[in-house]
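[1] compute the structure for the input listed below.
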Amino acid sequence: MDIRALTPDYAVSPQIEPSDLPAIKAAGYVTVIDNRPDGEIPPHLHADVMRKAVESLGMTFVANPVIGGAMTMENVTAQGAAMAGSSGPVLAYCASGNRSSVMWALAEAGKRPTDELVGIPARFGYQLEHLRPQIEALAKAAG
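    The predicted structure is shown next:
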């Protein structure tokens, strides 16, 4: 497990396992967002299995599968709603953490400066510069 905190309230991670969940809870996360489609992963990591494991520990689970290169505004809206609705810190995961970083940046457009939305994930190796025009367009639409 490799948790990368983008903010005190939102972190991303490459794929997690059910066995990682007690440590995730102990680290203070209360919501887990799965940004991987089941078709990418073996059955023991599918959303229904992860949901049961997360909820058995008293945390909230949100399935928001994002297909690489085919993300939608519904994905962005769902991620933003999960973040806003969480009673505490959120951990979002996908294959590498990149899609979860992209979802954060797009969901936060207009709430934080674009330079932060691109720069913070870059500290962890997630290059979102190519999304600057989309982030700025979303920020303008939100404002």
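[2] what pLDDT is listed against residue 42?
    According to the prediction, residue 42 has pLDDT 94.
[3] same question for the one 10 residues further on.
    Per-residue confidence for residue 52 comes out at a pLDDT of 97.
[4] where's it relative to residue 119, distance?
    Applying CB to CB, to the nearest Å, the value for residue 52 to residue 119 is 37 Å. Placement of C-beta: from N, CA and C, glycine included.
[5] which stretches of the chain have low pLDDT?
    The model of the chain has no residue with pLDDT under 70.
[6] quick one: the helices in it?
    Secondary structure of the chain (DSSP state H): helices located at 21-26, 47-56, 73-85, 98-107, 114-122, 132-142.
[7] could you give the number of residues near the closest residue to residue 22 other than its chain neighbours?
    Once flanking residues are discounted, residue 22 sits nearest to residue 57: 6.8 Å by CB to CB, 6 or more residues apart in numbering. Look at residue 57: counted by other CB atoms under 10 Å, it has 15 neighbours.
[8] ok, now residue 131?
    For residue 131, using other CB under 10 Å, the count is 19.
[9] list the residues that contact it.
    102, 105-106, 118 (CB atoms under 8 Å, 6 or more residues apart in numbering).
[10] may I see those arranged in a markdown table, with neighbour count and distance to residue 10 as well?
    As requested, those are exported to a markdown table (neighbours: other CB atoms under 10 Å; distance: CB to CB, whole Å):
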| residue | neighbour count | distance to residue 10 |
| --- | --- | --- |
| 102 | 27 | 13 |
| 105 | 25 | 10 |
| 106 | 22 | 13 |
| 118 | 19 | 15 |
